[in-house]
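Engineer: I need the structure of the sequence given here:
(chains A and B)
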Amino acid sequence: MLEFTLPSLGSDMDEGKLLEWKIKLGDRVRKGQVVAIVDTSKAAVDVEIWFDGTVHELLIEPGATIPVGTVLATLLAPGEKAGTPATGRRKVSPAARKHAEALGIDVDTLAGSGPGGAVTLADVDATAAQSSLGRQAATSDRQAEMRKAIAAAMSRSKREIPHYYLSEAIAMERAQAWLSEANAGRPITGRLLMAALHLKAVALALKKYPEMNGFFRDGAFQPVAAAHIGVAISMRQGGLIAPAIHDVGEKTLDEVMRDLADLVKRARAGSLKSSEMSDPTITVTNLGEQGVESVYGVIYPPQVALVGFGRIAPRPWVDAAGWLCVTPVLTASLAADHRVSDGHRGALFLAELRDWLQQPDKL
Amino acid sequence: MKISYREAMRQAMHEALAGDPRVFLMGEDVGKYGGTYAVSKGFIEEFGPEWIRDTPLSELGFVGAGIGAALGGMRPIVEVMTVNFSLLALDQIVNTAAVLRHMSGGQFSVPLVVRMATGAGRQLAAQHSHSLENWYAHIPGIRVLAPATIGDARGMLAPALADPDPVIIFEHAQLYNLEGELADDWQCDIARAAVRREGSQVSVFAYGGCLPKAMQAAAELAEAGIDAEVVDLRVLRPLDTESIAASVRKTHRAVVVDEGWKSGSLAAEVVARIVEDCFYDLDAPPVRVCSAEVPIPYARHMEEAALPQPAKIVAAVKELLNA
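Structural biologist: Residues are numbered from 1 along each chain as shown, chains lettered A, B, ... in the order given. Here you go, the predicted structure:
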């Protein structure tokens, strides 16, 4: 028997509210499949399961708020037989099924109070009443809750993490020229954004400087080989969220771009996956669009570094031949954890990042 | 005015006999003896042996004679002592009375009323106690009534006699001594079921001798905080599907009480119609409370155990509501 527990979807989460089951008794699930939707203080998150199995029991009702680590469901491992034989189709009264369908409630997520555990009209009504309350509460409290969560995480960061900051002005003429050329033949929807180049360049630079990528936990640094880059996305109603694009280093620019667009869309629609919430190994924030020249970020614990990008703007610049000219310039910054790395390595990392952005065709 | 079911039925027949020279009563012991259940007591003295006719013990013969009289323009009321004995007259009722309009292309009608006692509860054993209403309710061409209240006992006979086709009236033997107020507006139709008690959580369908039991069960359920609706089927053929469905759509649960045996019963027919018409309104599977599938026993305790009882109805409802 396998236990599926409520995962922590970020260092600032210690409880969550189960909004909806995406599985029902007897379902076969695969590792990585979205099995539930859990409301954290920041967003409703699609929670993925981390093993294969067959759903044996759903222990928590939608609507319940439970601490991280609570067993949500038990599953039979592949090949494992249940102690009691499966009873076949769930008992749901026809009236309850029809009513639930009209209300958009999945009857398989309801507990039955009727004879033999059958789901009845009353059960559907009770859940409908509860979830409409929950939804109201969710939207009205969401902003306040998110503010609280950000406050907690950032306070912890500034309290625990000895930040050091570096910055580097990077000539972006080549990157811009390459990007214009690459986008020339593309439809608007297929165009690359500079943000994708930034992310890929960060991922490639991390390969050489792995001490920027990973977690600081229990007094030790745990490096992570893959670059799961958390992208800071500001929410329309305020606050921000930084879900991950996985394995950026192994993806093509087109793939990174597609993932970025998808992530922003889903973050704002409130359908992020649990792995995206809990996996980021480093965060990238980009405030260029807001017009600032540079940004020095606060590290999101337990990560150990944050890369910030400002606006690309024309600046006076001395070129390779020693001539003064005007060229588009980007200020990249690094906030890093001094417990894990030193300014020297940080500087080399930023230089590596700069060099990658001079070779956009290799990204 | 408070009267008995027997008196209500007697008044209805008296009115018919006095008001229409075509109406006469015929059957075993209806004359000199005053009727097996004393419904026609005093009639032979008042109306004479021409109109109140004692017959030999031959159901086949006297029901057939009644059909002949009806074809000849009379409005006979034929009394059969119990539904068990009526089986001897099935050929006349099913093969003649029920089909003549159809087989004559509408040239003949059989305006016959057959009254018969039905049901158990009086220690009359297996040959006098059965409930075979469903046998007749199966047959197209006849109307089957089950008056279960004082009002229906008083009111159903007149429209039955006015019906141009055969009508069978089942009088549950346990009801004759039932006493109650006869409302001024006792006139009634012979087409619709009747809601005898409004309720919201479960519909209890019953007819004939089971109606008072269902009402008693509903009263007990009310004390337990369960709001049961009681629907009197009244007309067993053609069943008032519309009223049945309306009640189920309101309460979403159905218990059907029937003194017949479950297998092939009227209760089975009612449940089938509920499922056909109200499937998506049902919040629980329909339940039947019927007689045990044995010949009705003679011993009192065994007879009681074999029949639907208020306690069984209460238990069925509670189980349905998981209460």
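Engineer: what ranges do the strands span in chain B?
Structural biologist: Assigned by DSSP state E, the strands in chain B fall at B:2-4, B:23-27, B:52-54, B:75-80, B:113-118, B:143-145, B:167-172, B:179-181, B:194-197, B:202-206, B:228-232, B:235-237, B:254-261, B:287-291.
Engineer: most packed of the ones you listed?
Structural biologist: Each of these was scored by mean neighbour count; the highest is strand B:202-206, a mean of 30, by mean count of other C-beta atoms under 10 Å in any protein chain shown. (Each C-beta comes from the backbone N, C-alpha and C, glycine too.)
Engineer: does that strand come close to chain A?
Structural biologist: No. On the criterion C-beta under 8 Å from any C-beta of the partner chain, strand B:202-206 is out of touch with chain A, staying 12.2 Å away.
Engineer: check which helices and strands that strand sits against.
Structural biologist: Counting by 3 or more C-beta pairs under 8 Å, 6 or more residues apart in numbering or on different chains; DSSP states H and E, the packing neighbours recorded for strand B:202-206 are helix B:210-223, strand B:228-232, helix B:241-251, strand B:254-261, helix B:310-320.
Engineer: quick one, which of these gets closest to B:A97.
Structural biologist: With C-beta to C-beta, the closest approach to B:A97 among those belongs to strand B:254-261: 21.9 Å.
Engineer: where's B:A268 relative to chain A, distance?
Structural biologist: Distance of B:A268 to chain A, computed by C-beta to the nearest C-beta, to the nearest Å: 19 Å.
Engineer: so that residue touches B:I274, yeah?
Structural biologist: No. B:A268 is beyond contact range of B:I274, at 10.8 Å (criterion: C-beta atoms under 8 Å).
Engineer: more crowded one of the two?
Structural biologist: Looking at B:A268 and B:I274 with other C-beta atoms under 10 Å in any protein chain shown, you find the greater number of neighbours at B:I274, namely 24 against 18.
Engineer: contacts only, for that one.
Structural biologist: Going by C-beta atoms under 8 Å, 6 or more residues apart in numbering or on different chains, B:I274 touches B:244-245, B:248, B:254, B:282, B:286.
Engineer: cool, and A:A100?
Structural biologist: Counting by C-beta under 8 Å, 6+ apart, A:A100 has contacts A:92, A:106-107, A:110, A:119, A:124.
Engineer: what about A:I60, how many neighbours?
Structural biologist: Neighbour tally, A:I60, other C-beta under 10 Å: 18.
Engineer: would you mind confirming that it makes contact with A:K17?
Structural biologist: No. Here A:I60 does not reach A:K17: they are 10.0 Å apart, not a contact under C-beta under 8 Å.
Engineer: common neighbours of those two, please.
Structural biologist: Common contacts of A:I60 and A:K17 (C-beta under 8 Å, 6+ apart): A:I66.
Engineer: what residues are up against the nearest residue to A:T70 once chain neighbours are set aside?
Structural biologist: Of all residues not flanking A:T70 in the chain, A:L6 sits nearest, at 4.9 Å (C-beta to C-beta, 6 or more residues apart in numbering or on different chains). By C-beta under 8 Å, 6+ apart, the contact list for A:L6 reads A:16, A:18, A:38, A:47, A:66-70, A:72.
Engineer: buried members of those residues into PyMOL, please.
Structural biologist: The PyMOL command for the buried members of the contacts of A:L6 (criterion: 16 or more other C-beta atoms under 10 Å in any protein chain shown) is given here:
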select buried, chain A and resi 16+18+38+47+66+70+72
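Engineer: closest one to B:P159 out of the contacts of A:L6, please.
Structural biologist: Checking the contacts of A:L6 against B:P159 by C-beta to C-beta gives A:L18 as the nearest, at 61.7 Å.
Engineer: from B:A148, how far out is the closest residue to B:G209 other than its chain neighbours?
Structural biologist: Leaving out its chain neighbours, the residue that sits closest to B:G209 by C-beta to C-beta, 6+ apart is B:H172, at 3.3 Å. According to C-beta to C-beta, to the nearest Å, B:H172 stands 7 Å off from B:A148.
Engineer: show me whatever sits in contact with both of the two.
Structural biologist: Common neighbours of B:H172 and B:A148, counting by C-beta under 8 Å, 6+ apart, are B:208-209.
Engineer: domains of chain A?
Structural biologist: Annotated domains of chain A cover A:2-136, A:163-362 [automatic domain parsing].
Engineer: now mean pLDDT too, for those domains, in CSV please.
Structural biologist: Shown next, in CSV, are the domains of chain A (pLDDT from 0 to 100):
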stretch, mean pLDDT
domain A:2-136, 82
domain A:163-362, 91
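Engineer: relative to B:R143, which of the ones you listed is closest?
Structural biologist: Closest of these to B:R143 is domain A:2-136, at 32.5 Å (criterion: C-beta to C-beta).
Engineer: point me to the helix or strand that includes A:S155.
Structural biologist: Assessed by DSSP states H and E, A:S155 sits inside helix A:121-160.
Engineer: which residues does B:L239 contact?
Structural biologist: Applying C-beta under 8 Å, 6+ apart, the residues contacting B:L239 are B:137, B:193, B:233, B:269-270, B:273.
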